[in-house]
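Chemist: I would like the atomic coordinates for the input below:
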Amino acid sequence: MERIKIEREDGIVQQRPHIVLLTHLHKVWSPDEAFVSTEDLLDRLVRDNPQMWGIESSFGKRLTAQRMGRMLVSAYNIHSDRLDVDGTKVRGYRRSTLAPAFGRFGLDPSRKPAGPVQPAEPVPKEDATLCSVGVAAQESATRATDQCSVCCQPFLLPLPGKTVCEIRDDAHTAARGLVGAR
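Modeler: The predicted structure follows:
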């Protein structure tokens with residue numbers, strides 16, 4: 001996991017745009033704000049990350065409300081909302097709508113697990129790997145199946161024998177090939 005983090009920082013491995021969007025939204029969104037208008041979010045994203053969301057991006061133009069909305073809906077099933085502000089309907093997003101996605105990616109510290117999850121049986125040292133949050137994970141059927149063995153994020157719907165979440169990057173793809181998860 002450390003190697004992947006270093007490669008991302010060096011630009012060798014790139015995260016998918018919807019994952020970067022979620023991370024950047026978390027950074028530009030103050031925890032005390034319950035609702036932020038779409039235009040305000042777009043302005044903050046472009047201001048703080050012009051190389052990703054501004055005209056300097058590889059996409060060649062500024063992030064639009066429609067493109068951001070499509071990424072959030074298709075990746076996380078997050079929809080915008082309308083709020084009445086001084087008699088005017090303003091379209092934007094509620095933090096409570098984004099909170100589950102923030103939690104799944106470990107961006108919301110209040111939603112992190114209280115402690116390490118213990119496997120069903122002791123894990124032999126040679127069968128264990130160290131997750132990014134420091135939890136020992138075992139790639140076998142005896143492992144507790146409530147979190148991903150690669151990134152240690154909790155499964156929304158734990159399934160028997162499922163050990164790898166649906167994130168699509170090199171580490172997860174390799175683990176699925178080794179583990180035989182779908």
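Chemist: all contacts plus neighbour counts: C-alpha atoms, from now on.
Modeler: Fine.
Chemist: most residues in a single strand of this structure, which one?
Modeler: Ranked by residue count, the top strand of the chain under DSSP state E comes out as strand 88-94.
Chemist: in its sheet, what does that one sit against?
Modeler: Strand 88-94 pairs in its sheet with strand 35-37 (antiparallel), strand 81-85 (antiparallel), by DSSP bridges.
Chemist: could I get the average pLDDT for the shortest one?
Modeler: Okay, so that is strand 35-37. The average pLDDT within strand 35-37 is 95.
Chemist: ok, residues contacting the helix or strand just after that strand?
Modeler: Using DSSP states H and E, the helix or strand that follows strand 35-37 in sequence is helix 38-48. Residues outside helix 38-48 that contact it (CA atoms under 8 Å, 6 or more residues apart in numbering) are 24-25, 28-29, 52-54, 62-65, 91-93.
Chemist: ok so, going back, quick one, which of the strands paired with strand 88-94 is packed in tightest?
Modeler: Each of these was scored by mean neighbour count; the highest is strand 35-37, a mean of 18, by mean count of other CA atoms under 10 Å.
Chemist: who touches it?
Modeler: Outside strand 35-37, the residues within contact range by CA under 8 Å, 6+ apart are 29, 90-95.
Chemist: cool, stretch 92-106 as well?
Modeler: Around stretch 92-106, the neighbours that count as contacts under CA under 8 Å, 6+ apart are 22-23, 26, 33-39, 76, 78-83, 108-109, 111-112, 153-154.
Chemist: kindly report the same for stretch 54-65.
Modeler: For stretch 54-65, the surrounding residues in contact (CA under 8 Å, 6+ apart) are 38-39, 42, 46-47, 50-53.
Chemist: if you set the cut-off to 6 Å instead, what comes out?
Modeler: The contact list for stretch 54-65 (CA atoms under 6 Å, 6 or more residues apart in numbering) reads 46, 51, 53.
Chemist: out of these, flag the one nearest to Gly161.
Modeler: Trp53 (38.9 Å; CA to CA).
Chemist: what mean pLDDT does the strand or helix carrying Ser74 have?
Modeler: Following DSSP H and E, one finds Ser74 within helix 65-76. What helix 65-76 shows for mean pLDDT is 95.
Chemist: please spell out which residues along it are buried.
Modeler: Across helix 65-76, burial judged by 16 or more other CA atoms under 10 Å covers 68-72, 76.
Chemist: what angle do it and helix 38-48 make?
Modeler: Comparing the axes of helix 65-76 and helix 38-48 via axes from the mean of the first three to the mean of the last three CA atoms, to 10 degrees yields an angle of 90 degrees.
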